[in-house]
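>>> okay, sequence plus prediction incoming.
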Amino acid sequence: MSGLRLHRIEHVSASSLNLFAAEPALWVMERLCGRKGKVGPAAHVGTAVEAGVEAALLGKTEGIEAAAALAGARYDQLCDDQDAREKIAPMVRQAYAALSPYGAPDVPEDGRQHRVEIELEGVPVPCIGYTDFVFHAHGTVIDLKTSSTLPSAIKVAHARQGAVYARAFSNYAMLFAYATPKKSAVYILENPADHLAALANIGRRLDKFLSISADPQELAAIVCPDYDSFYWSDPQTRANGLALFGF
């Protein structure tokens, strides 16, 4: 029997499969055992910056500084880490500079993000995702990523995510816009089929792993947490790991 269906998992996502590949113990703890820690400030920064850039691109604010202020207010709703907050306004400016040449993104009727659903070879449940920005006039999908340092190329986990969007929008270019407080860069995803095949491979391995047992505790006994990984940086997440894994 399919392990995913055994555990009543109706769909997967690129982020979930990437997490299983990178830190299976955390995947088991959060996705099967329901023990989740807090989302770190970096994730909230990304959410806030995206909200500000969206407002600027759609003409919902009076200029980029108003968009940066909106992003700051959004962050304050999510997090109180003031050190991280200082990055938001310059990131909004950098991200807007990278995306503004494409004009206003297209907005679906039920919300800004386009929901996509595809099949992964050999994976018994669909893979779903939500795009950041779609520009139909340019035949382009762009995913916005915020970072403290600017990568020189698309990160592998991001490439797998982009491959899902590339399959859903098969005739569109898939781009990633990276924004730091000081720089921005836009990269095009090359060979999306290869990254999609890798994601499907991870999905099949997850399915096989889950088929070992219907008991999450038994599966937790198979994997080991790597507390040196940034995935475990949140104190509550580490405490949850100690309680579940015993070390």
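Received it, and whenever you're ready, just let me know what you need.
>>> show me where this structure has helices.
Listed in chain order, the helices of the chain (DSSP state H) span 3-6, 14-22, 24-27, 41-57, 64-78, 82-85, 88-99, 156-168, 192-210, 216-220, 235-245.
>>> which one of those helices lies closest to residue 116?
helix 156-168 (3.6 Å; C-beta to C-beta). Just so you know, the C-beta spots here come from the backbone N, C-alpha and C atoms, and that holds for glycine as well.
>>> returning to what we had before: would JSON lines of the helices of the chain with mean neighbour count and distance to residue 148 be doable?
Converted to JSON lines, the helices of the chain look like this (neighbours: other C-beta atoms under 10 Å; distance: least, C-beta to C-beta, whole Å):
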{"stretch": "helix 3-6", "mean neighbour count": "17", "distance to residue 148": "35"}
{"stretch": "helix 14-22", "mean neighbour count": "20", "distance to residue 148": "19"}
{"stretch": "helix 24-27", "mean neighbour count": "22", "distance to residue 148": "22"}
{"stretch": "helix 41-57", "mean neighbour count": "23", "distance to residue 148": "8"}
{"stretch": "helix 64-78", "mean neighbour count": "18", "distance to residue 148": "15"}
{"stretch": "helix 82-85", "mean neighbour count": "13", "distance to residue 148": "10"}
{"stretch": "helix 88-99", "mean neighbour count": "23", "distance to residue 148": "10"}
{"stretch": "helix 156-168", "mean neighbour count": "22", "distance to residue 148": "15"}
{"stretch": "helix 192-210", "mean neighbour count": "19", "distance to residue 148": "24"}
{"stretch": "helix 216-220", "mean neighbour count": "16", "distance to residue 148": "32"}
{"stretch": "helix 235-245", "mean neighbour count": "15", "distance to residue 148": "20"}
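>>> those into TSV, with extra columns for distance to residue 150 and mean pLDDT?
Putting these into TSV (distance: least, C-beta to C-beta, whole Å; pLDDT from 0 to 100) gives the following:
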stretch	distance to residue 150	mean pLDDT
helix 3-6	36	97
helix 14-22	21	98
helix 24-27	27	98
helix 41-57	14	95
helix 64-78	19	96
helix 82-85	17	90
helix 88-99	9	98
helix 156-168	13	98
helix 192-210	21	98
helix 216-220	37	98
helix 235-245	27	96
